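Novice: Structure here, sequence nowhere to be found:
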């Protein structure tokens, strides 16, 4: 509260909302100053993170400037697990990615050990044998 012309009034802070279009224009101006050029023909971009997730861009707008070592990838992105993209992403993995994939595969094998073991006996035959054993014992008991 503060006093204005003899009466008390409240101060309200006005928050300025940033518009993504304004941010995009500023980004494009900065990239233009760096002299980036559009690279045509890139269908997808996958950025593999250390935790096993992949940032996947489908048909992104890709710009680069080799002189300033600057690359810009814009477009709609999706965050996916590396296992969801396995058949198509293997060719894009380097040696570190393959090692990480091996670790992930061994971790999933270790998790599978908690599953129910496969059946080795036929329970129907075992139950029939139990019934036969019980009937034999019943027949052996003398009735008085």
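Specialist: Looks like it came in fine. Keep in mind the model is a prediction, meaning the values are calculated, not measured.
Novice: Which stretches in this structure count as strands?
Specialist: For the chain, strands defined by DSSP state E occupy the ranges 2-4, 7-9, 37-39, 44-48, 53-58, 61-65, 70-74, 77-81.
Novice: looking at the ones you listed, which is closest to residue 137?
Specialist: Of all the strands of the chain, it is strand 77-81 that lies closest to residue 137, at 57.7 Å by Cβ to Cβ. Quick note: C-beta positions are derived from backbone N, CA and C, even for glycine.
Novice: for that closest one, packing partners?
Specialist: strand 53-58 (3 or more Cβ pairs under 8 Å, 6 or more residues apart in numbering; DSSP states H and E).
Novice: which of the residues in the strand it packs on are buried?
Specialist: 54, 56, 57 (16 or more other Cβ atoms under 10 Å).
Novice: What of stretch 25-40?
Specialist: Neighbour count says stretch 25-40 has 31, 36 buried, by 16+ other Cβ under 10 Å.
Novice: Give me the residues contacting it.
Specialist: 61, 62, 63, 64, 65, 67, 68, 70, 72 (Cβ atoms under 8 Å, 6 or more residues apart in numbering).
Novice: which stretch in the strands of the chain is the model least sure about?
Specialist: Ranked by mean pLDDT, the strands of the chain bottom out at strand 2-4, with a mean of 60.
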